[in-house]
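Student: take this sequence and fold it.
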Amino acid sequence: MENLTVRTPLKQPIVFELEGFYVPPGYGPLFFFLALLTYIVTLLGNGVVMWVIVTDKNLHRPMFVMVCNLVVCDLLGATVVLPRLMMHFLMGQKAIAYIPAIAQAFCAHSYGAAIQTILAVMAYDRYIAVCEPLRYHSIMTSARLHCCCGLAWFIAELLIFVLFSFHINVPLCGRTIQHVYCTNRSILRLSCRPTPVNNFYGLCMTWCFLVIAFSYIKILSACLKQGRSDSSVRSKAFQTCATHLVVYLLYEIASLIIIMLYRFPSVSRDIQKFFSILFIIAPPALNPYIYGLLSRELRASVRKHLTARIHPKHGPTRAMH
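Tutor: Numbers count the residues shown, from 1 in each chain. The predicted structure is shown next:
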């Protein structure tokens, strides 16, 4: 076992070793197949959603444009983790060089930050749609929509860039990363000195949670007021927010589980690793089906495109009608 009590800085080039999961002998191919199946389902589901939104002009509206941005974010998260995890299961590969490790950690944190900023923009959009329906189209113009989406990505990447810039020259005294994939926290655990700004990212992302919570509280209040005079108005308002709210709760529940698990040292490290992997691969795999179940327009568009592909002779005829 490596002796880290001396805390001697490592010399370049640095090659880390991911602790990974314990894989019982002979079970590597099975775990590889499960990871591969999850990745295929994620790529297929998100790919179909993106393809339909891009090709169907009826879906070129703020709500679906933001869903498309969330799809890109989901594909980023799954691609950051699953390919290397498959290599770990199939070939037992745990070594990762310093630059790829930093790149993976940067992308993993970008995924988490972009989720929050994009969901904040989606919550703002739904707030305007429900609380200011007559002014919605004048407020959420095409230019403002693309500005909001671009700003969401810019803020997310800026926060992560600042987070990593604080530790770019921190000397490291260990090689074993006690995780399944590289994160800022897991790498900084190998630091030779304390890193007091390690919580910067979490503090900065608090504002996104406040924006989302405020928006949905206002939406709920507006729905209850409108519902007193017309229950159909309340039902329609809830339906416009259902998809976003379910996706948001899925992310937040997964995040809360991880936070709680890391606060209890008695919890097995393998359980912590499993839920941290679940957080980054489960939402991207499930979200396309949540969109399909809760969004009638998206479901109808997917059905129309698939029917046109399977029965091309009927495609033009239906399009004419």
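Student: and the nearest residue to Gln178 once chain neighbours are set aside, how far from Ala113?
Tutor: Counting by C-beta to C-beta, 6 or more residues apart in numbering, the nearest residue to Gln178 once its immediate chain neighbours are dropped is Glu19, at 4.9 Å. C-betas here are computed from N, CA, C, even on glycine. As for Glu19, its distance to Ala113 is 25 Å (criterion: C-beta to C-beta, to the nearest Å).
Student: next: Asn287.
Tutor: Applying C-beta to C-beta, the value for Asn287 to Ala113 is 17 Å.
Student: with Leu90 instead?
Tutor: According to C-beta to C-beta, Leu90 stands 31 Å off from Ala113.
Student: could you find the closest non-adjacent residue to Ile219?
Tutor: Nearest non-adjacent residue to Ile219, counting by C-beta to C-beta, 6+ apart: Val130, 4.9 Å away.
Student: and Met63, by the same measure?
Tutor: Of all residues not flanking Met63 in the chain, Asp125 sits nearest, at 6.6 Å (C-beta to C-beta, 6+ apart).
Student: which helix or strand contains that neighbour?
Tutor: helix 98-131 (DSSP states H and E).
Student: who does that helix touch, helix- and strand-wise?
Tutor: Packing partners of helix 98-131 (3 or more C-beta pairs under 8 Å, 6 or more residues apart in numbering; DSSP states H and E): strand 15-18, helix 62-91, helix 136-139, helix 142-165, helix 184-188, helix 206-227, helix 231-262, helix 269-294.
Student: would you agree Ile290 is in contact with Thr243?
Tutor: Yes - counting by C-beta atoms under 8 Å, Ile290 touches Thr243, with 6.5 Å between them.
Student: those two - which one has more neighbours?
Tutor: The neighbour comparison of Ile290 against Thr243 (other C-beta atoms under 10 Å) goes to Thr243, with 21 against 17.
Student: and that one, what does it touch?
Tutor: By C-beta atoms under 8 Å, 6 or more residues apart in numbering, Thr243 lies in contact with Val67, Ile290, Tyr291, Leu294, Ser295.
Student: do Phe16 as well
Tutor: When contacts are counted by C-beta under 8 Å, 6+ apart, Phe16 is found next to Ala95, Ile96, Ala97, Tyr98, Ala101, Arg175, Thr176, Ile177, Cys182, Ile187.
Student: ok, of those, which come out buried?
Tutor: The neighbour-count test (16 or more other C-beta atoms under 10 Å) marks Ile96, Tyr98, Ala101, Thr176, Ile177, Cys182, Ile187 as buried among these.
Student: surely the first one forms part of a helix?
Tutor: No - remark: Ile96 does not belong to a helix; assigned using DSSP: H, G, I helix; E, B strand; the rest coil, it is strand.
Student: let me see the contact set for it.
Tutor: By C-beta under 8 Å, 6+ apart, the contact list for Ile96 reads Val15, Phe16, Glu17, Leu18, Arg84, Gln104, Ile177, Cys182.
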